[in-house]
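**Q** no sequence on this one, just coordinates:
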């Protein structure tokens, strides 16, 4: 990935609805160059998709953070895959420390958070779950610095 790729990715992060022509004009290359680069970055798995970013709090959703310890002998990735199948799962990280997985979920109300915790506990290989509710989100962003 070179500097031109990074410029294109920065533009897409600012507004993924921008046309290739608009991006090309902003960074000083041809539309074909942007198109070819985006296709290549997508094929490589660097661009994973395009979506609308919603304000979950304004939709009445609650953010639940769970820290999960897996049982000895169970694969962390298999447990993570089980959690990933849950529609509330937003982000799953394999982490260092006292727990194996850190999961961020978006739930429609506090009651749903309890149900999500119970579903996680039922996944084979889960030893323990420590859960916390987010009171207020101070920053949540999907953009990465390039």
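**A** Received the coordinates, thanks. Quick caveat: nothing in here was measured; it's all calculated off a predicted structure.
**Q** what pairs with the host helix or strand of residue 66, parallel or antiparallel?
**A** Element membership for residue 66 (DSSP states H and E) is strand 62-70. Using DSSP bridges, strand 62-70 pairs in its sheet with strand 101-107 (antiparallel), strand 126-133 (antiparallel).
**Q** what does the last one contact?
**A** Among residues not part of strand 126-133, those counted as contacts by Cβ atoms under 8 Å, 6 or more residues apart in numbering are 62-71, 79, 99, 110, 113, 117, 120-121. (Glycine included, C-beta is placed from N, CA and C.)
**Q** make a PyMOL selection of the buried ones in these.
**A** To isolate the buried subset of those in PyMOL, counting by 16 or more other Cβ atoms under 10 Å, use the following:
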select buried, resi 62+63+64+66+67+68+69+70+79+99+113+117+120
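**Q** would you list every one of the helices in this protein?
**A** Along the chain, counting by DSSP state H, helices occupy 3-14, 20-27, 31-43, 76-84, 110-122.
**Q** give me the most central residue, the chain.
**A** residue 91 (4.6 Å; Cα atoms, centre = their mean).
**Q** what's the nearest residue to that residue if we skip its chain neighbours?
**A** residue 104 (4.2 Å; Cβ to Cβ, 6 or more residues apart in numbering).
**Q** so how far is residue 61 from that neighbour?
**A** Using Cβ to Cβ, to the nearest Å, residue 104 is found at 12 Å from residue 61.
**Q** and residue 41, how many neighbours does it have?
**A** 17 (other Cβ atoms under 10 Å).
**Q** cool, and residue 142?
**A** 8.
**Q** can you give me the pLDDT of it?
**A** Residue 142 carries a pLDDT value of 83.
**Q** that one contacts residue 53, correct?
**A** Yes: contact criterion Cβ atoms under 8 Å: residue 142 and residue 53 qualify, at 6.3 Å.
**Q** next, the contact list for residue 66, please.
**A** Going by Cβ under 8 Å, 6+ apart, residue 66 touches 101, 102, 103, 105, 116, 117, 120, 129, 130, 131, 132.
**Q** mind redoing it with 10 Å?
**A** 83, 89, 92, 99, 101-105, 113, 116-117, 120-121, 126, 129-132 (Cβ atoms under 10 Å, 6 or more residues apart in numbering).
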